[in-house]
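[1] Take this sequence and fold it.
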Amino acid sequence: MGCKAKENKMANKQAKKALEQFKQQAANEVGVNLNQGYNGDLTARQAGSIGGQMVKKMIESYEQGMGVSQNKQ
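    A predicted model of the protein is given here:
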């Protein structure tokens, strides 16, 4: 076995494209400008904001699919 764990390959190119679009949408929502391709110049705060927004949206989507009430305090 090689270093396959470090490779970030997705077998489904459509899924990869959808994930990139989702990431771009999340970045726009939190006010972070993403470049096409390399974004190693982002701060940890910026990257965390994007990832956090993505998780928030995924949870909201899951809850909507499950019919969970939005009456949170």
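[2] Quick one: low-confidence residue ranges for this structure.
    The chain contains residues with pLDDT under 70 at 1-11, 69-73.
[3] Please, where are all the helices along it?
    Remark: helices assigned in the chain by DSSP state H are 13-30, 44-66.
[4] In JSON lines: these, plus distance to Tyr38 and mean neighbour count.
    C-beta coordinates here come from the backbone N, C-alpha and C atoms, glycine included. Shown next, in JSON lines, are the helices of the chain (distance: least, CB to CB, whole Å; neighbours: other CB atoms under 10 Å):
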{"stretch": "helix 13-30", "distance to Tyr38": "13", "mean neighbour count": "13"}
{"stretch": "helix 44-66", "distance to Tyr38": "13", "mean neighbour count": "13"}
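[5] Can I get those helices in JSON lines including distance to Gln36?
    Putting the helices of the chain into JSON lines (distance: least, CB to CB, whole Å) gives the following:
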{"stretch": "helix 13-30", "distance to Gln36": "9"}
{"stretch": "helix 44-66", "distance to Gln36": "15"}
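[6] residues near Asn35, how many?
    9 (other CB atoms under 10 Å).
[7] phi, psi of it?
    Note on Asn35: its backbone torsions stand at phi -90, psi 160 [degrees, to the nearest 10].
[8] same thing with Tyr38?
    With angles defined as degrees, to the nearest 10, Tyr38 sits at phi -70, psi 130.
[9] quick one: it and Gln14, what's the gap?
    22 Å (CB to CB, to the nearest Å).
[10] cool, Gly65 as well?
    Taking CB to CB, one finds Gly65 at 20 Å from Gln14.
[11] now do Met58
    To Gln14, Met58 is 18 Å away according to CB to CB.
[12] now Asp41
    Asp41 is 28 Å from Gln14, by CB to CB.
[13] Need the residues that contact stretch 28-36.
    Here stretch 28-36 makes contact (CB atoms under 8 Å, 6 or more residues apart in numbering) with 23-24, 27, 42, 46, 49-50, 52-53.
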